[in-house]
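In: next come a sequence and a model predicted from it.
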Amino acid sequence: RIGIGVASFTEVVGAGNSKDYDILGLKMFDSAELRIHPTGKAILKLGVQTQGQGHETTFAQIVAQELGIPYTDIKVMYGDTDTTPYGLGTYASRSTPVGGAATAVISRKLREKARKLAAHLLEASEDDLEWEVGKFTVKGTDVSATIQDIAFAAYTNHPEGMEAGLEGVHYYDPPNMTYPFGTYIVVVEVDTGDSSWKVLDMAAVDDCGVRINPMIVEGQIHGGLTEGFAMSNMQWITFDDNGNCIGSNFMDYLVPTAYETPKFKMGETVTPSPHHPIGAKGVGESATVGSPAAFINAVVDAVESYGVTNIDMPALPHRVWGAINGIEVKP
């Protein structure tokens with residue numbers, strides 16, 4: 001039997017703002033510290049901790065986009081609370097909504113100081129300068145100063161009365177959450193003989209606002225879809241009559257390999273978040289929110305003619321068999 005399952009979702013991520021959210025009284029803003037050296041290279045220290053999302057790449061890309069420093073010249077640091085600024089963590093997909101926003105804002109603050117330095121270097125009014133990624137140019141001319149020229153001047157030729165250096169820290173208090181959303185469609189085939197099922201096709205369309213690094217975003221969605229498949233198909237923690245956990249190792253609690261994992265078709269729409277300086281939203285958990293329902297909906301749809309209206313996750317073969325035959329099957 002063939003079944004089609006559809007699930008649409010809206011998630012809320014980016015925990016803040018400090019007026020409404022705290023952990024034991026600790027307000028849920030986050031931070032970024034950016035220092036541009038005289039060489040024009042930079043070091044970015046984050047309050048959020050990576051869990052493998054690729055902070056070294058994406059946060060460097062934010063600075064590169066805002067200031068024009070090559071991302072390969074930007075060192076990203078995190079996790080050492082002796083040297084990094086205060087932060088509340090990466091959970092709930094809040095790295096980009098909060099930490100990424102802090103990075104964008106401090107980059108823009110330093111760009112405004114760089115404008116004053118450029119005006120001094122070029123002997124022009126700040127209002128006569130035009131910014132394009134990586135340099136300020138005097139309007140109507142080809143006279144310009146690169147961000148590297150400006151960084152060197154910040155330590156060697158800054159205007160009288162200006163504090164030397166080109167560095168700063170920003171604590172970002174988000175005005176609101178961000179709301180990624182998406183729709184997933186799954187086609188499954190259920191073998192009513194042994195009650196097993198397999199995925200024939202799946203399409204996933206996500207909207208996480210502006211994508212800083214599309215490949216990393218797709219990788220996170222792939223991982224989430226795989227975990228959604230695992231939750232709906234095989235992963236189960238349960239206990240015997242004596243209270244012993246019988247899903248306590250990776251022989252019993254199954255993790256899908258590349259062999260079991262179906263192929264995914266990816267799509268996207270882009271709705272920039274109005275609550276974020278670059279319009280980005282979190283995405284790390286999105287696929288685990290929408291995909292389990294899509295998988296289970298497809299299995300239920302395939303056996304609906306037997307009067308089945310619900311199958312609890314995971315839809316293991318004996319559960320599907322029990323649903324088809326109207327028999328309550330114990331775990």
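Out: That came through, no problem. Numbering: from 1, shown residues only.

In: okay, now the unreliable bits of this protein?
Out: Within the chain, the ranges that satisfy pLDDT under 70 run 331.

In: the longest helix in it is where?
Out: helix 101-122 (DSSP state H).

In: and the next helix or strand after that helix, which strands flank it?
Out: Downstream of helix 101-122, the first helix or strand assigned by DSSP states H and E is strand 129-132. The pairing partners recorded for strand 129-132 under DSSP bridges are strand 135-138 (antiparallel).

In: which other residues reach the strand it pairs with?
Out: With Cβ atoms under 8 Å, 6 or more residues apart in numbering as the test, strand 135-138 has contacts from 68, 114-115, 118-119, 122, 124, 128-130, 143-147, 150. No exception for glycine: its C-beta is placed from N, CA and C like everyone else's.

In: ok, now stretch 63-81?
Out: 34, 36, 40-50, 55-57, 59-61, 83-84, 103-104, 107-108, 110-111, 114, 132-135, 146-148, 278.

In: now the end-to-end length of that stretch.
Out: Using Cα to Cα, to the nearest Å, the span of stretch 63-81 from its first residue to its last is 22 Å.

In: same check on stretch 236-243?
Out: 15 Å.

In: and it, which residues are buried?
Out: Within stretch 236-243, the residues that qualify as buried by neighbour count (16 or more other Cβ atoms under 10 Å) are Trp236.

In: hmm, who's touching that stretch?
Out: So stretch 236-243 is contacted by 245-248, 253, 314, 316, 331 (Cβ under 8 Å, 6+ apart).

In: and the buried ones among those, selectable in ChimeraX?
Out: In ChimeraX, this line selects whichever of the contacts of stretch 236-243 come out buried by 16+ other Cβ under 10 Å:
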select :253,314,316
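
In: got the contacts of stretch 236-243 as TSV, with distance to Val187 and secondary structure columns?
Out: Output for these, formatted as TSV (distance: Cβ to Cβ, whole Å; DSSP: H, G, I helix; E, B strand; the rest coil):
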residue	distance to Val187	secondary structure
Cys245	34	strand
Ile246	32	coil
Gly247	29	coil
Ser248	34	coil
Tyr253	27	coil
Pro314	19	coil
Leu316	20	coil
Pro331	28	coil
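
In: closest one to Ile4 out of the contacts of stretch 236-243, please.
Out: Closest approach between those and Ile4, by Cβ to Cβ: Pro314, at 19.4 Å.

In: who touches that closest one in this structure?
Out: 231-236.

In: show me where the stretch 101-250 of the chain has strands.
Out: 129-132, 135-138, 144-146, 167-172, 181-190, 197-207 (DSSP state E, counting those that start in this stretch).

In: out of the ones you listed, deepest packed?
Out: Burial of those is given as mean neighbour count (mean count of other Cβ atoms under 10 Å); strand 181-190 ranks first at a mean of 22.

In: elements contacting that one?
Out: If you count contacts as 3 or more Cβ pairs under 8 Å, 6 or more residues apart in numbering; DSSP states H and E, strand 181-190 packs onto strand 2-10, strand 197-207, helix 286-302.
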